[in-house]
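S.K.: Quick one: sequence plus predicted model below, questions after.
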Amino acid sequence: QVQLVESGGGLVQAGGSLRLSCVVSGRTNSQWTLGWFRQVAGKEREYVSSIGWSGANTYYADSVKGRFTISRDNAKNILYLQMNSLKPEDTAVYYCAAEENYYRAMVLKAFHYWGQGTQVTVSS
């Protein structure tokens with residue numbers, strides 16, 4: 001069992017930056033693969049990015065590649081998402097997620113554990 005709590009969302013103008021954080025607690029001795037998803041009301045949850053335990057393997061959705069950077073600090077049990085050059089279409093609730101099975105997380109984009117989400121709003 002693991003608990004995830006996101007923070008760092010807010011209102012920003014287009015072209016601006018935000019950094020999201022996700023504190024991971026609970027069974028942190030497992031090698032969790034972590035990820036970020038986002039969801040707009042009335043639409044399906046969308047994959048954004050994911051990172052393996054060591055941080056060496058990272059993946060991004062095409063829509064954010066080159067603008068967002070995922071990272072993690074395993075000593076502090078924190079996941080980050082640095083978001084630059086934000087666009088109005090990035091507006092969504094952002095969720096962090098954790099999965100113990102690397103294949104499920106990285107290939108299937110299927111995660112077991114979810115945070116409560118943090119709102120990101122990008123004004124034009």
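M.R.: That came through, no problem.
S.K.: all strands of the chain, in order?
M.R.: Remark: strands assigned in the chain by DSSP state E are 2-7, 10-13, 18-26, 33-39, 46-51, 58-60, 68-73, 78-83, 92-99, 113-114, 118-123.
S.K.: Roughly how far does the most centrally placed residue in the chain sit from S124?
M.R.: Centroid check for the chain by C-alpha atoms, centre = their mean gives W36 as the closest residue, at 2.1 Å. Separation of W36 from S124 (C-beta to C-beta, to the nearest Å) stands at 23 Å. For glycine as for every other residue, the C-beta is placed from the backbone atoms N, C-alpha and C.
S.K.: What of R72?
M.R.: If you go by C-beta to C-beta, the gap between R72 and S124 works out to 31 Å.
S.K.: So which bits of the lowest-mean-pLDDT helix or strand in the chain are buried?
M.R.: Within the chain, no helix or strand scores below helix 102-106, which has a mean of 90 by mean pLDDT, DSSP states H and E. Buried residues in helix 102-106, counted by 16 or more other C-beta atoms under 10 Å: 105-106.
S.K.: Show me what that helix is in contact with.
M.R.: 33, 35, 50, 52-53, 57, 59, 99, 110-111 (C-beta atoms under 8 Å, 6 or more residues apart in numbering).
S.K.: same deal with stretch 68-84?
M.R.: By C-beta under 8 Å, 6+ apart, stretch 68-84 touches 17-25, 28, 34-36, 48-51, 53, 55, 58, 60, 64, 67, 90, 94, 96, 120.
S.K.: What's the PyMOL syntax to select whichever of those residues are buried?
M.R.: To isolate the buried members of those in PyMOL, using 16+ other C-beta under 10 Å:
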select buried, resi 18+20+21+22+24+34+35+36+48+49+50+51+60+64+90+94+96+120
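S.K.: count of neighbours near L108?
M.R.: Neighbours of L108 under the rule other C-beta atoms under 10 Å: 10.
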